[in-house]
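Colleague: mind looking at a prediction? Sequence and model below.
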Amino acid sequence: MDFDKCYIEILQLVKQAGSIINEKIHQYKDILTKSCDIDLVTEWDQKVEKLLIDGILSKYPDHKFIGEESIAAGEKIELTNAPTWIIDPIDGTMNFVHGLPHTCISVALLINKTTEIGIVYNPILNQLFTARKGQGAFLNGAPIHVSNRKELNKSLLLVEIGTSRDPEKVEIILQNVKILIPRVHGLRSFGSAALDICMVALGGADAYFEFGIHAWDIAAGDLIVREAGGVSIDPAGGPFDVMSRRILCASSTELAQELSKIIIQFYPERD
Ligand code: LIP
């Protein structure tokens, strides 16, 4: 497979998809719900995903997909060794619905379960984060690097509330906020896992963790943060598993491990 060619093709498709998001973010949208009444989806999530999948299939008819909206529509989730595109057409859908310009497209290509290409694109703020395995991470073509911070007490952390209102999960989120407030410089919550990870890759935040996210929210970001010199692990300290619905990424192994030891864990049901 010609990765250079494939990378250029997917970038073109992502830019095309981005112009739809740019055009629609401040317009009226038909809103549907998924797992609960605040798990939102718009017609544009579905249309952007279709544009990306149709575009990829026209060049690579045997490639597989794990796409947020196709899965919501009942397709099976299966990560095999085959070339697989993991796609979130709009990550930060709630932000998109409200017109908050912190929303993005997230696309990753995995082959033999290893991520080769990761792209996260916020078309509203014109932030294109890209990475290819072994080639570094970039924002709009310029190399980016994590902060290298090692100490939790000097760190700025990203945490998310998410859309689950399961009382046990909500309680764990609140307890973790309580545990962390006295131990860190600050906590922030932007509403997009993919962009949170890119902020760690950029060195603008030092760590991010979340329970209950999906492969499509984190697959591209995982490669971007690692190529920027950071780490992704399981929030309990073990190896990262893109299908586990859990992630902790940080600017250094020391920070990731320190954080993993003090947070209360939550294990969501797997997809
Ligand atoms: C969102 C994630 C975010 C999480 C939300 C939601 P979506 O993805 O990026 O981190 O807190 O619950 O899952 O649904 O906008 O693609």
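Modeller: Everything's here; your move. Computed from a prediction, not measured in an experiment: that's the story for all the values here.
Colleague: name the element the residue nearest the centre of the chain belongs to?
Modeller: Nearest to the centroid of the C-alpha atoms of the chain, with distances taken as CA atoms, centre = their mean, sits residue 194, at 2.5 Å. Assigned by DSSP states H and E, residue 194 belongs to helix 193-202.
Colleague: show me what secondary structure element comes after that helix.
Modeller: That would be, after helix 193-202 and using DSSP H and E, strand 207-211.
Colleague: would you mind listing the buried residues in the helix holding residue 194?
Modeller: 193-202 (16 or more other CB atoms under 10 Å). Just so you know, the C-beta spots here come from the backbone N, C-alpha and C atoms, and that holds for glycine as well.
Colleague: do the same with stretch 135-153
Modeller: Of the residues in stretch 135-153, 137-139, 144, 146-147, 149-150, 152 count as buried by neighbour count, 16+ other CB under 10 Å.
Colleague: got the contact list for that stretch?
Modeller: 126-131, 155, 183-185, 198, 200-204, 206, 223-225, 227-230, 250-252, 254-255, 258-259, 262 (CB atoms under 8 Å, 6 or more residues apart in numbering).
Colleague: buried ones among those?
Modeller: Using 16+ other CB under 10 Å, the buried members of the contacts of stretch 135-153 are 127-131, 155, 184, 198, 200-203, 206, 223-225, 227-230, 250-252, 255, 258-259.
Colleague: how far does stretch 247-267 sit from its chain's centre?
Modeller: 17 Å (CA atoms, centre = their mean, to the nearest Å).
Colleague: stretch 40-59 now?
Modeller: With CA atoms, centre = their mean, you get 17 Å for stretch 40-59.
Colleague: just the CA coordinates of it, formatted as PDB?
Modeller: The C-alpha coordinates for stretch 40-59 follow below in PDB (Å, rounded to 0.1, in the frame of the first residue of the first chain):
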ATOM      1  CA  LEU A  40     -26.800  13.900  20.500                       C
ATOM      2  CA  VAL A  41     -26.400  13.200  16.800                       C
ATOM      3  CA  THR A  42     -27.200  15.500  13.900                       C
ATOM      4  CA  GLU A  43     -27.900  14.700  10.200                       C
ATOM      5  CA  TRP A  44     -24.400  16.200   9.600                       C
ATOM      6  CA  ASP A  45     -22.600  13.600  11.700                       C
ATOM      7  CA  GLN A  46     -24.200  11.000   9.400                       C
ATOM      8  CA  LYS A  47     -23.500  12.900   6.200                       C
ATOM      9  CA  VAL A  48     -19.900  13.600   7.000                       C
ATOM     10  CA  GLU A  49     -19.300   9.900   7.900                       C
ATOM     11  CA  LYS A  50     -20.900   8.800   4.700                       C
ATOM     12  CA  LEU A  51     -18.700  11.200   2.700                       C
ATOM     13  CA  LEU A  52     -15.600   9.900   4.300                       C
ATOM     14  CA  ILE A  53     -16.500   6.200   4.000                       C
ATOM     15  CA  ASP A  54     -17.700   6.500   0.400                       C
ATOM     16  CA  GLY A  55     -14.500   8.400  -0.500                       C
ATOM     17  CA  ILE A  56     -12.200   5.800   1.100                       C
ATOM     18  CA  LEU A  57     -14.200   2.900  -0.400                       C
ATOM     19  CA  SER A  58     -13.900   4.300  -3.900                       C
ATOM     20  CA  LYS A  59     -10.100   4.000  -3.700                       C
END
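Colleague: quick one: average pLDDT of it?
Modeller: Stretch 40-59 shows a mean pLDDT of 93.
Colleague: would you mark the buried spots in that stretch?
Modeller: 40-42, 44-49, 51-53, 55-56.
Colleague: outside of it, which residues touch it?
Modeller: For stretch 40-59, the external contacting residues (CB under 8 Å, 6+ apart) are 6, 9-10, 13-14, 16-17, 20-21, 24, 29-34, 63, 65, 67-70, 72, 85, 87, 89-90, 93-94, 96-97, 105, 107, 163.
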